[in-house]
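[1] the following block contains a protein sequence and its predicted model.
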Amino acid sequence: MRAKALAAAHNLDSAAVVLNSILSAAKEDSVRDVARILLMDVYLEQADYTKAQGLLEDTFTSQAAKGATSTGNYFALAGQTVNGAREHIARYRSFGINVLEANLPAEAVNDLNKLRILLEKVDDQANQLSSDNERASDAIGLIEDVAAVRVSLSRDAQEREKWRREFESAREKLAANDNRMANATAASRGPQGVQTAPPPQSNAKVPVVPASASRDQPKEVSPSGGTASTAPASSGFVEVGLLTDKATHTAKPTYPQAAKVARVGGDVTVFLQVDETGAVTKIDHSSGPKLLQAAAEDASKQWKFRPTVVDGQPVKVTGFITFKFNLVQ
């Protein structure tokens, strides 16, 4: 809490000292995970890309030795890095500065070049992880996110085309993974979980992203639901919006210890692909606090829905469910 208060007061050097002390002294992995994420925020706010890259590389190296949980922590940190890059670019725009301007002051040119290098490091690490079958979708999704930001930082047409191709390639690989996961799910689907009450829903509008669209191009629908379109989208999926009312089996997420330690709560909306039988075949992506997303996604995989019928035939659909994580005071 002291580190967070120092960061909020923009006493960033002191916040970094406290967080590094936690990393050195804490024995609980959950506490160290929170400290890393907060420290990445501090480093990006300071535009200290050398330390940000060092933290990223340490976590990447550590995940190779510690397995799946540590890999998830790496993705959380890498996602925080990409989000921080977006916010940094937005800061330039808030001052009326185009980051692609040819005659930027030397300080801005130096700053943006270091930001490009940091994003390319994330891209390289994600490409290395993309060969891991269990985390391939996470890695490729990270590549897609990095490429989308990197396109906006392209210095010339050649560089822009390179990152545009990287973005398109990642989307194609995600689509291929979707098909493989759907086939594997259909072949190995087992008994469903225990039925539970659906979680409360947020009243705010949330973006629904069709399977064939970029996450950067959502369209808004009301969480109160909606009817399926009369024809599938080009991806073969029908968009139905809120899925909670269609649920026949649900599961509640486990509150992550790291999020409890960091006092992180709130809503997580998970965007799903569901096959003709009502089984979840793919978690497209999720929105909400980063430390809560993995738990919400894991719970979502256990949900089962009534099939959606269009013109008398069951169809594949995309939609979303929202989980509320309420901190106990």
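    Okay, I see it.
[2] and the protein, what are its domains?
    47-185, 206-325 (automatic domain parsing).
[3] now the helices: where do they sit in this structure?
    Here the chain has its helices, by DSSP state H, at 2-8, 12-25, 29-46, 49-66, 68-94, 106-129, 136-152, 157-188, 257-261, 290-300.
[4] which one of these lies nearest to Thr277?
    Judged by C-beta to C-beta, the one of the helices of the chain that comes nearest to Thr277 is helix 157-188, at 8.1 Å. C-beta here means a position set from N, CA and C on the backbone, and glycine is covered the same way.
[5] may I see the buried residues of stretch 82-97?
    82-85, 88-89, 92 (16 or more other C-beta atoms under 10 Å).
[6] give me the low-pLDDT residue ranges for the chain?
    Residue ranges of the chain with pLDDT under 70: 64-70, 133, 177-235, 261, 328-329.
[7] recalculate using a threshold of 50.
    By pLDDT under 50, the low-scoring segments of the chain are 185-186, 188-234, 329.
[8] ok, of the buried residues of stretch 82-97, which one's closest to Ser21?
    Distances from Ser21 to these, taken by C-beta to C-beta, are shortest for Gly84, at 22.0 Å.
[9] what sits against the closest one?
    40-41, 44-45, 52 (C-beta atoms under 8 Å, 6 or more residues apart in numbering).
[10] ok, and the most crowded of those?
    Ala52 (26 neighbours; other C-beta atoms under 10 Å).
[11] now that residue. Nearest residue, chain neighbours left out?
    Tyr43 (4.0 Å; C-beta to C-beta, 6 or more residues apart in numbering).
[12] I'd say that neighbour and Leu55 touch.
    Yes. Between Tyr43 and Leu55 there is a contact at 6.7 Å, judged by C-beta atoms under 8 Å.
[13] more neighbours, these two?
    Tyr43 (24 against 21).
[14] that one: what's it in contact with?
    16, 49, 51-52, 55.
[15] widest-spaced pair of those?
    Ala16 and Tyr49 (13.9 Å).
[16] adding distance to Pro256, write the contacts of Tyr43 out as JSON lines.
    Compiled in JSON lines, the contacts of Tyr43 are given as follows (distance: C-beta to C-beta, whole Å):
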{"residue": "Ala16", "distance to Pro256": "24"}
{"residue": "Tyr49", "distance to Pro256": "28"}
{"residue": "Lys51", "distance to Pro256": "26"}
{"residue": "Ala52", "distance to Pro256": "23"}
{"residue": "Leu55", "distance to Pro256": "20"}
